[in-house]
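Engineer: Any chance you could fold what I've pasted below:
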Amino acid sequence: MHRWINLSLLILFPLSWFAPLMRAGLLPLFNLKEISVITGLQSLWASDVFLALVVTVFALFAPYLKTIALALMHWRLLSPRLLPAVSVLGKLAMADIFLIALYITLAKGIGVGRLETAWGLYLFTACILASIYVSWATGRARAPAD
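Structural biologist: Just a heads-up that it's a prediction; the model follows:
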C-alpha cells in the first residue's frame, strides 16, 4: 500500500507547491494575497538568490527526489541499500516545514498585518507526513527480522 501512497505523492507534491499556503495582507482592511511555495520562491529569487537556492533544494528537489527514489525501490529498480541515503534526503526536506512555521510565527508576532493559513498548507504538510510514513514503512519492510 505504501508504494501507491508514494506514487500519489509524485502528483500531490507539485500540486501542493502551487496551492495557497496562506493569505497575507498588510492591514486588516486590505485584500489578502495568496502565497504558495512557488510564489514565495519567486519573491526569494528576486531578493536573495542564495537563500532562494537553499529553499528550492529543501522544499522542491529533496522531497521529490526522495519520492522518486522510493518509487524506484518499490519496483525493484533501485537497490534497497540506498535507503540510508534516501532518508538523508527526507531529513533535508523537513526544513521547508520549519521555514513555513517560522514565517507564520514571525508574521503573527509582528501584529502589523493579517495572516491566514490556507488549504495548501495542510496539503503540503500531509504530503510531507505521507512521505515520512512511506520512508518508515519502506525501511521497516526492508529490515531483516530479529
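
Engineer: give me the number of residues near the nearest residue to residue 124 once chain neighbours are set aside?
Structural biologist: With sequence-adjacent residues excluded and distances taken as C-beta to C-beta, 6 or more residues apart in numbering, residue 124 is closest to residue 16, at 4.1 Å. For the C-beta atoms, the positions are set from N, CA and C on the backbone; glycine is no exception. Neighbourhood size, residue 16 [other C-beta atoms under 10 Å]: 23.

Engineer: repeat for residue 79
Structural biologist: Residue 79, neighbours per other C-beta under 10 Å, totals 9.

Engineer: Over to the one 3 residues further on?
Structural biologist: When counting by other C-beta under 10 Å, one arrives at 13 neighbours for residue 82.

Engineer: is it true that it touches residue 70?
Structural biologist: No - look at residue 82 against residue 70 with C-beta atoms under 8 Å: they stay out of range, at 9.9 Å.

Engineer: what's next to the longest helix seen in the chain, contact-wise?
Structural biologist: For the chain, the longest helix by residue count, based on DSSP state H, is helix 119-142. Identification of contacts with helix 119-142 by C-beta atoms under 8 Å, 6 or more residues apart in numbering yields 2, 5-6, 8-9, 12-13, 15-22, 36-37, 63, 66-67, 70, 73-74, 80, 83, 86-87, 90, 93-94, 96-97, 100.

Engineer: so of the residues you listed, which ones are in strands?
Structural biologist: residue 22 (DSSP state E).

Engineer: PyMOL command for the buried members of the contacts of helix 119-142?
Structural biologist: Remark: buried members of those, expressed as a PyMOL selection using 16 or more other C-beta atoms under 10 Å:
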select buried, resi 2+6+9+12+13+16+17+19+20+21+22+36+37+63+66+67+70+73+74+83+86+87+90+93+96+97+100
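
Engineer: Now do the helices in the protein.
Structural biologist: Under DSSP H, the chain gives helices at 2-18, 37-47, 49-56, 62-74, 83-93, 95-110, 119-142.

Engineer: Can you add mean pLDDT and give those helices back as TSV?
Structural biologist: Below are the helices of the chain laid out as TSV (pLDDT from 0 to 100):
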stretch	mean pLDDT
helix 2-18	93
helix 37-47	84
helix 49-56	85
helix 62-74	91
helix 83-93	81
helix 95-110	61
helix 119-142	86
